[in-house]
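A.B. asks: Following is a predicted model, sequence given first.
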Amino acid sequence: MQTTPKSVKWAAALCLIYAALMLVAACLIIVFGPQVLQSLSEADGMLRSTANTQTIVILSLLFSAYCLAPPLILTFGLLGAGLLRRWRWARRVAIVVSVLNAMFNIPIGTLFGVAVIVLLSHPEAKAAFSATPLSPKPIVS
């Protein structure tokens, strides 16, 4: 069995780390977001206009944590596992997702996205995925 190149291992590790960071951020937003909203609703006077703007930001973060984060966490987790197992589809999907992440999630997503693209563009990474099956082997009992 062929060993996994270091560039693929690093790309997989970045995907898994990114998924973990998104999970932590989503949990923090879910836990502390409502408390911040409540404190903003109790603001009065000059703070009211600032509180309204902050309320919109907190609500958008809560929406992101509840609706957008779970599919992204799952996607990056599966990509990390797929890259470690050297499934051919994982390299292609990781590059596409990293391009989208680099474009829409500035600046953190850009750093992770560019790093994954560079790591998976190495010749040894391409060679590692050219000789592997398109999907996992079926379990035969």
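C.D. replies: Arrived safely. Residues are numbered from 1 along each chain as shown.
A.B. asks: Find the least confident helix or strand in the protein, judged by mean pLDDT.
C.D. replies: Lowest on mean pLDDT, DSSP states H and E among the helices and strands of the chain sits helix 47-63, with a mean of 69.
A.B. asks: The helix or strand just after it packs against which elements?
C.D. replies: Beyond helix 47-63 in the direction of the C-terminus, DSSP states H and E gives the next helix or strand as helix 69-84. Counting contacts by 3 or more C-beta pairs under 8 Å, 6 or more residues apart in numbering; DSSP states H and E, helix 69-84 is packed against helix 6-41, helix 88-104. In this view, the C-beta of every residue, glycine as well, is placed from N, C-alpha and C.
A.B. asks: Let me see the mean pLDDT of the last one.
C.D. replies: Spelled out, that is helix 88-104. Averaging pLDDT along helix 88-104 yields 91.
A.B. asks: and if you look at the longest one?
C.D. replies: The predicted model assigns helix 6-41 a mean pLDDT of 84.
A.B. asks: what's it packed up against?
C.D. replies: Using 3+ C-beta pairs under 8 Å, 6+ apart as the contact test, the elements touching helix 6-41 are helix 47-63, helix 69-84, helix 88-104, helix 108-120, helix 123-130.
A.B. asks: Try it again at 6 Å.
C.D. replies: Of the remaining helices and strands, those touching helix 6-41 by 3 or more C-beta pairs under 6 Å, 6 or more residues apart in numbering; DSSP states H and E are helix 47-63, helix 69-84, helix 108-120, helix 123-130.
A.B. asks: What residues of the third one count as buried?
C.D. replies: Taking 16 or more other C-beta atoms under 10 Å as the neighbour-count basis, helix 108-120 is seen to contain the buried residues 109, 112-113, 115-117, 119-120.
A.B. asks: Out of these, which comes closest to Y18?
C.D. replies: Of all these, F112 has the smallest distance to Y18: 5.0 Å, by C-beta to C-beta.
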